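**Student:** Fold the following, please.
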Amino acid sequence: MGELAHLRATYNDVHNIIRATADKIASEFKPDMFIAIGIGFFPARVMRTFLKDPSTKRNISIQAIGLSLYESLPGTSAEQLGSSVIRTQWLGPESGKALLGRKVLVVDEVDDSRKTLQYALSELQKDIESELQLLPESERESKRTKFAIFVVHNKLKPKLGQLPSDIPYYAGAEVEDVWLDYPWEAIDIEEHDRLAKEDKEERKAT
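**Tutor:** Predicted coordinates for the structure are as follows:
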């Protein structure tokens, strides 16, 4: 099996992808909270700029959770790397209560295997269900949290994880199964942007 081709995304690329998707999310879902998975905090912060209500100027809250699938962490085995989602940070002891009745957009930078997204959504829903059971039955439906998902890039490949069919899913850009090089991973950002520009020129020429 050959090495995956690389796709270099610049900060401007990511910003413009989010901008192009924001209107659709605003009209169809209109979240009042973001939950960012790891580095998904950066796309969430950019998305917030476009979804801010101009009449109130009120910012949408961004919460962060830490999940790792491919990163080698202390205490993880070689078998877990790439196969098991490891929780490194969560919302807090009363996370379910804080989410009751909210419209939450879960944000990640890339949908690769879909395992991380499946885990995040499943665990958040478990927290909410635990809190709903403490409420009178007549109040539970009105307090049920609505979720949607946004990723900057969705890789067009078979997915190992699954998402419920009733969860709105928004992908800023669909890409082949390539290795995505994001600007926040670059040591030399000027070199990263130069190579990204070269890549775009080569693609235009072919």
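
**Student:** need the contact list for P43.
**Tutor:** The contact partners of P43, taken as Cβ atoms under 8 Å, 6 or more residues apart in numbering, are 14, 18, 36, 107-109, 150, 152. In this view, the C-beta of every residue, glycine as well, is placed from N, C-alpha and C.

**Student:** In the residues you listed, which residue is surrounded by the most others?
**Tutor:** When neighbours are counted by other Cβ atoms under 10 Å, V107 leads these with 30 neighbours.

**Student:** what's the strand or helix carrying F34 packed up against?
**Tutor:** Using DSSP states H and E, F34 falls within strand 33-37. Strand 33-37 sits against helix 41-51, strand 61-68, strand 103-111, helix 115-132, with contacts defined as 3 or more Cβ pairs under 8 Å, 6 or more residues apart in numbering; DSSP states H and E.

**Student:** quick one on the thing from earlier: tell me which of the contacts of P43 is nearest to I65?
**Tutor:** Among those, A36 lies closest to I65 (Cβ to Cβ), at 7.4 Å.

**Student:** Quick check: closest non-adjacent residue to that closest one.
**Tutor:** The shortest distance from A36 to any non-neighbouring residue, by Cβ to Cβ, 6 or more residues apart in numbering, is to A44 (4.1 Å).

**Student:** what ranges do the strands span in this structure?
**Tutor:** Taking DSSP state E to define them, one finds strands in the chain at 6-8, 33-37, 61-68, 86-89, 103-111, 146-155, 169-175, 179-181.

**Student:** Run the chain-centre distance for the first one.
**Tutor:** Taking Cα atoms, centre = their mean, to the nearest Å, one finds the center of strand 6-8 at 19 Å from the center of the full chain.

**Student:** Would you give the sheet partners of it, along with the direction of each?
**Tutor:** strand 179-181 (parallel) (DSSP bridges).

**Student:** Residues in contact with the strand it pairs with: which ones?
**Tutor:** 4-9, 109-110, 153, 192.

**Student:** So in terms of bridging, what pairs with the spatially most central residue of the chain?
**Tutor:** The residue lying closest to the centre of the chain (Cα atoms, centre = their mean) is D108, at 1.6 Å. Per DSSP bridges, the residues bridged to D108 are V151.

**Student:** show me the contacts for it.
**Tutor:** So D108 contacts 36-38, 40, 43, 116-117, 120, 149-152 (Cβ under 8 Å, 6+ apart).
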